[in-house]
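In: Predicted coordinates and the sequence they were generated for:
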Amino acid sequence: LAPAGFQRAEYIAKCVSNATFTMAFPLGPPDRLVASVRPPNAHGEDESVRPLETLTPLSRALSLPVENTLRYTNVDGFVDRLQKLAAGETMCVAW
């Protein structure tokens, strides 16, 4: 992330980890965090870690691990994760 991106990630963590219910998170803080994996592109440029960097401050604030195993192209895998959420369980995703 660029410096402004890190600042936004910290702000997201501050807002989302708040125990008060909000319009954005009406069920309270998320129970799971998922960041997609973006492998090196066709030009050999490095893997992007932006989704993981975005959720890292929230992970620290909530003491939750970031699930970082799904490639960003794996839509079926993502749908499977969603369908396995328990009733009332929530997920915050950076894709």
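Out: Nice, I can see it. For clarity, every value in this text was computed on a predicted model and none was experimentally measured.
In: Can you tell me the element the residue of the chain most remote from its centre falls in?
Out: The C-alpha centroid of the chain is most remote from residue 43, which lies 26.1 Å away (CA atoms, centre = their mean). Using DSSP states H and E, residue 43 sits in no helix or strand.
In: can you pull the pLDDT of it?
Out: pLDDT, residue 43: 71.
In: so how far is residue 53 from it?
Out: Using CB to CB, to the nearest Å, residue 43 is found at 21 Å from residue 53. Using the backbone N, CA and C atoms, a C-beta is placed for each residue, glycine as well.
In: which stretches of the chain aren't confidently modelled?
Out: 44-46 (pLDDT under 70).
In: ranges for the helices of it?
Out: For the chain, the helices defined by DSSP state H occupy 3-16, 50-62, 75-83.
In: need these in JSON lines with distance to residue 68, can you?
Out: As requested, the helices of the chain are exported to JSON lines (distance: least, CB to CB, whole Å):
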{"stretch": "helix 3-16", "distance to residue 68": "15"}
{"stretch": "helix 50-62", "distance to residue 68": "5"}
{"stretch": "helix 75-83", "distance to residue 68": "12"}
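In: Buried deepest among the ones you listed, which one?
Out: Most buried of the helices of the chain, by mean neighbour count (mean count of other CB atoms under 10 Å): helix 50-62, with a mean of 19.
In: Now do residue 32: how many residues are near it, please.
Out: Residue 32 is flanked by 18 other residues according to other CB atoms under 10 Å.
In: what's the nearest residue to residue 32 if we skip its chain neighbours?
Out: In space, and not counting its chain neighbours, residue 32 is closest to residue 91: 4.4 Å by CB to CB, 6 or more residues apart in numbering.
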